[in-house]
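Q: Take a look and give me a structure for this.
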Amino acid sequence: MGGVITGFAVIASVIGCGYLLGRYRLLGDGGREVLTKLAFHVASPALLFETLARSDLSVLVSPALLITALSSVAVAGVFVAVSALRRWPVGYSTLGALCAGYVNAGNLGIPIAAYVLGDASLVAPVLLFQLLVMAPIALTVLDLSTSATGTTLAQRLLTPFRNPVVAGSLAGVAVAAAGWTVPQPIMEPFELVGAMSVPAVLLAFGISLHGSAAPARGPDRVPVLLSVGLKTVGQPLVAWGLGTMVFDLSRRNLFAVVVTSALPAAQNLFTYASRYQVATRLARESILLSTLLAVPVLLVVAALLG
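A: Reported below is the predicted structural model:
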């Protein structure tokens, strides 16, 4: 239980700091935009390269990964289906689908896995799946849906490789797959720059909260509630069903899978929304509500399965 409270307290304190920065305009009018661009173009690619270059790719072949992938795709697919019926724009639907199935596996999942599950490495499958599969696909869709209509076929094919987040991830995977060990003097700049990623994202998110209307009350009410419901209730239930009825996981492994699936939407989704100027309110409100609701949900999961 203590790990849940600790993880959320750390997140809340940094977001609160960002809120104060926005309230007193300490970074000026462009503070949030600068932090967002810093995270997207520089810090996040460095962090992803460092993380994936040192990762063990063998965890990708496991029941935990399959359950993570299937539960994420299931809830994201529901959002996309509703989006198609309601005729929401492609970019908007993509961000909403991410909010429904892309969990905060990094800055929140790791401490919760360490304190609640007793092993931080248990979050590795969901983290790698999101970095290697979900993020590149979603960012490519966002790039293509927001790019100029006159782009050539070659430009469209090269779109994923021009995205700094995807490029950093692919470079890290290449290093890990080749079995290379990057010398520490070369890796250290990536560590220093990458360390800015999470604080920059959380501060930018906090700044955006100042002056914002109460969540789920405006024109984005339906998609916000849909994404939050899928993230908070739908994904953990799908993961539990797959773990018990399909993969017959042990109690400990089932607990780990459901806990990681019950994590809230990741804060870096707001960075993506801000970068592409798509669904920023949907992303902000979905992240905020899913983070608040994740506390009681995780406590219930820990009480029932822990």
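Q: burial of Ala171, as a residue count?
A: For Ala171, the count of nearby residues is 15 (other CB atoms under 10 Å). Glycine gets a C-beta too; all of them are placed from N, C-alpha and C.
Q: correct me, but it touches Ala46?
A: No: checked against CB atoms under 8 Å, the pair Ala171 and Ala46 is beyond contact range at 10.2 Å.
Q: Please identify every residue contacting each of these two.
A: When CB atoms under 8 Å, 6 or more residues apart in numbering defines a contact, no residue borders Ala171 and Ala46 alike.
Q: need the helices for the stretch 51-200 of the chain, in chain order.
A: Residue ranges of the helices in the stretch 51-200 of the chain, as given by DSSP state H, counting those that start in this stretch, are 63-86, 90-101, 109-112, 124-129, 135-146, 153-157, 159-162, 164-178, 184-194, 197-209.
Q: Quick check: which ranges of the stretch 51-200 of the chain have low pLDDT?
A: Counting by pLDDT under 70, the stretch 51-200 of the chain shows low-confidence ranges at 59-60, 106-107, 110-111, 114-116, 118-121, 147-161.
Q: one more time with 90, if that's ok
A: In the predicted model of the stretch 51-200 of the chain, residues 51-66, 68-69, 104-137, 139-140, 142-174, 176-177, 194-200 satisfy pLDDT under 90.
Q: Out of the helices of the stretch 51-200 of the chain, which is the most enclosed?
A: Here the criterion is mean neighbour count by mean count of other CB atoms under 10 Å, and of these the winner is helix 90-101, at a mean of 26.
Q: of all the helices of the stretch 51-200 of the chain, which lies closest to Val42?
A: helix 184-194 (6.1 Å; CB to CB).
Q: Output the contacting helices and strands for that closest one.
A: Contacts defined by 3 or more CB pairs under 8 Å, 6 or more residues apart in numbering; DSSP states H and E place helix 184-194 against helix 44-53.
Q: quick one on the thing from earlier: relative to Leu52, which of the helices of the stretch 51-200 of the chain is closest?
A: Of all the helices of the stretch 51-200 of the chain, helix 164-178 sits nearest to Leu52, with 2.9 Å by CB to CB.
Q: Can you name the residues in contact with that closest one?
A: By CB under 8 Å, 6+ apart, helix 164-178 touches 40-42, 44-57, 131-132, 135-136, 139-140, 160-161, 182.
Q: Restricted to buried residues, select these in PyMOL.
A: With 16 or more other CB atoms under 10 Å as the criterion, this PyMOL line picks the buried residues out of these:
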select buried, resi 40+42+44+45+46+47+48+49+50+51+52+53+55+131+132+135+136+139+140+160
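Q: which residue is nearest the centroid of the chain?
A: Ala266 (3.3 Å; CA atoms, centre = their mean).
Q: With adjacent residues omitted, what lies nearest to it?
A: Nearest residue to Ala266, sequence neighbours excluded (CB to CB, 6 or more residues apart in numbering): Asn104, at 4.3 Å.
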